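> missing the sequence, but the structure's below:
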């Protein structure tokens, strides 16, 4: 066993003495040592139940003959971090999580790992660590939140809550109306109830083969989530016995499967950052052009919030991620020969799976659209690409041209939106919010929600070198590359410039002639870094383009 390095023979007697100090017995040390990476904390609603999940996982490990040993991973609540300096610290935790988990796993020589994440950067960070350490690993997430209910019976969620603030500034809601939303939007623990980033990544962890069926969709408060955790604890022992490692599962074909499921589900645009970063740890390079190729042949089968009015509990009732994969497999869109954490192939896992609700998971021959939920746009404004959640864009905004309203920070933009200075037809441009320029590539949920809440979601576009929450809807185009801080063309946009957006054609153009752009570029001076000390300053020096997943080098 790998753990023999810290527990077998006379040379490791000092090591064993420290295990005995922890209360472990000789009998427990003779079993495989399984690291249980638990992201429990008391600030993230999606993580407040993870202590219960960890106990269930440990029960499963013990039942299958292993010795579980728990250690922590950090997590940020993107909702609480939204709209202030805290959001600069969200994406950057992905690498802190990967690095610290690698350190713990290597320092203590575990034989296997069970990862217990739930919210946005925690899932990809732990997947990156799993690929990097490459010892037998399985994922068991904390599960999604249930949808809320307003006084009139309508269901609601966090994206509605953010849009309610925009409604207040537009005079559509009073303070009592906002308070009704805040008391109803998040009724239970769990990752927020729509197809936002956390649930997108938990579903894709299942689709890529690292989580058991139901990992992405069984609600946090259901007892079935505890049973899933126990089965994950049992299954890690099988993976250890068979020596099935993450890189045996997360192959290039598996990543393409995940991208295909991504398009069918209509996942968060953040997946376009996280999948390439995880693949990079596996020695696989995913490029944005491949995403459009997959999208062009993958029908969009689901419209969960914010694209529609259904929620994660509904997707679970319809059969979950595996039911979506079953529909995709009818057209041969998945490689079902890939190995999964069950120890079986995807083809074996899909045997007997049924789509129980054709109104929620559209049949493959009757999709919402013939192409996928995410599009990568290119043009002279974004030579390396930018990303939009196509499935959440109103039909009238699929093609749009309008004047640029230019802001050098999220704060400037939100002030103008709330003040009523943005009008129908405008294209809001928010720059210097990229991985380096932010630093940290903040999510722009407040501006996009304000635009929608004020009734401008069908007439105003927003473009940024930052990124968006999975809760964002509308013509919200992020990850513009190269970013402004790297001298990308977005840095040279001026107030009133016409910008043309053609989502079906995957094009975005700044309608300014080449000579004028060249003159602007020659006169451009990069602004001073916004943050010059601490982790964010180090991050800014190391981070690469969003087109590469914002990995560190």
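That came through, no problem. Everything numeric here is computed off the predicted structure, so don't read it as measured data. Residues are numbered from 1 along each chain as shown.

> Which stretches in the stretch 151-300 of the chain count as helices?
Listed in chain order, the helices of the stretch 151-300 of the chain (DSSP state H, counting those that start in this stretch) span 158-169, 175-184, 197-207, 223-242, 246-249, 252-265, 271-281, 288-296.

> buried residues in the longest one?
Read it as helix 223-242. 225-226, 228-240 (16 or more other C-beta atoms under 10 Å). Glycine gets a C-beta too; all of them are placed from N, C-alpha and C.

> Next: stretch 523-530.
529-530.

> which residues sit against it?
408, 432, 437-439, 485, 487, 491-492, 537, 540 (C-beta atoms under 8 Å, 6 or more residues apart in numbering).

> let's go with 6 Å and repeat that
residue 491 (C-beta atoms under 6 Å, 6 or more residues apart in numbering).

> I'd like the average pLDDT over it.
Averaged across stretch 523-530, the pLDDT comes to 93.

> What of stretch 31-48?
On average, stretch 31-48 scores 98.

> cool, and stretch 376-395?
Here the average pLDDT along stretch 376-395 is 96.

> For it, measure first residue to last.
Taking C-alpha to C-alpha, to the nearest Å as the measure, stretch 376-395 stretches 17 Å from start to finish.

> what sits up against that stretch?
So stretch 376-395 is contacted by 266, 269, 272, 288, 291-292, 300, 306-307, 373-375, 458, 473, 475, 477-482, 489, 503, 506-510, 547 (C-beta under 6 Å, 6+ apart).

> List the buried residues for the longest strand seen in the chain?
Ordering each strand of the chain by length in residues (DSSP state E) puts strand 399-407 first. Neighbour-count burial for strand 399-407, counted by 16+ other C-beta under 10 Å, picks out 400, 402, 404-407.

> What's the local residue count around the spatially closest residue to residue 101 that is not a sequence neighbour?
Sequence neighbours aside, residue 129 is the residue nearest to residue 101 in space, at 3.7 Å (criterion: C-beta to C-beta, 6 or more residues apart in numbering). Residues lying near residue 129 (other C-beta atoms under 10 Å) number 29.

> Show the backbone phi and psi for residue 129.
phi -60, psi -40 (degrees, to the nearest 10).

> pretty sure it contacts residue 98?
Yes - here residue 129 reaches residue 98: they are 4.5 Å apart, a contact under C-beta atoms under 6 Å.

> those helices in the stretch 1-150 of the chain, which residues are they?
Going by DSSP H, counting those that start in this stretch, the stretch 1-150 of the chain shows helices at 13-21, 26-29, 50-63, 78-81, 93-108, 122-133.

> Tell me which of those sits most buried.
Ranked by mean neighbour count, the helices of the stretch 1-150 of the chain are led by helix 122-133 with a mean of 28 (mean count of other C-beta atoms under 10 Å).

> and residue 162, what is it in contact with?
Here residue 162 is in contact with 445, 449 (C-beta under 6 Å, 6+ apart).

> Then residue 50?
Contacts of residue 50 (C-beta under 6 Å, 6+ apart): 38-40, 116, 142.

> State the distance from the nearest residue in space to it that is not next to it in sequence to residue 110.
Nearest non-adjacent residue to residue 50, counting by C-beta to C-beta, 6+ apart: residue 40, 3.9 Å away. Separation of residue 40 from residue 110 (C-beta to C-beta, to the nearest Å): 19 Å.

> In terms of neighbours, single out the busier of those two.
Legend: neighbour count by other C-beta under 10 Å for residue 40 and residue 110, higher for residue 110 (29 against 20).

> Let me know the secondary structure of residue 352.
coil (DSSP: H, G, I helix; E, B strand; the rest coil).

> and it, how many residues sit next to it?
7.

> now the one 10 residues further on
Other residues within reach of residue 362, judged by other C-beta under 10 Å, total 21.

> isn't it right up against residue 301?
Yes - with contact defined as C-beta under 6 Å, residue 362 counts as touching residue 301 (4.5 Å).

> Does residue 7 touch residue 27 like I think?
No - using C-beta under 6 Å, residue 7 is not in contact with residue 27; the gap is 12.0 Å.

> if I look at the closest residue to residue 52 other than its chain neighbours, how far off is residue 59?
Using C-beta to C-beta, 6+ apart and skipping the chain neighbours, the partner closest in space to residue 52 is residue 226 (6.7 Å). According to C-beta to C-beta, residue 226 and residue 59 sit 9 Å apart.

> any idea how far residue 77 is from residue 6?
Residue 6 is 35 Å from residue 77, by C-beta to C-beta.

> Next one, pLDDT for residue 548 please.
For residue 548, the predicted pLDDT is 95.

> do you know how far it is from residue 404?
From residue 548 to residue 404 the distance is 27 Å (C-beta to C-beta).

> center of the protein, which residue is that?
Centroid check for the chain by C-alpha atoms, centre = their mean gives residue 197 as the closest residue, at 3.5 Å.

> what's near enough to touch that one?
Contacts of residue 197 (C-beta under 6 Å, 6+ apart): 120, 268, 270, 470.

> Please name the nearest non-neighbouring residue to the first one.
Spelled out, it's residue 120. Once flanking residues are discounted, residue 120 sits nearest to residue 197: 4.3 Å by C-beta to C-beta, 6+ apart.
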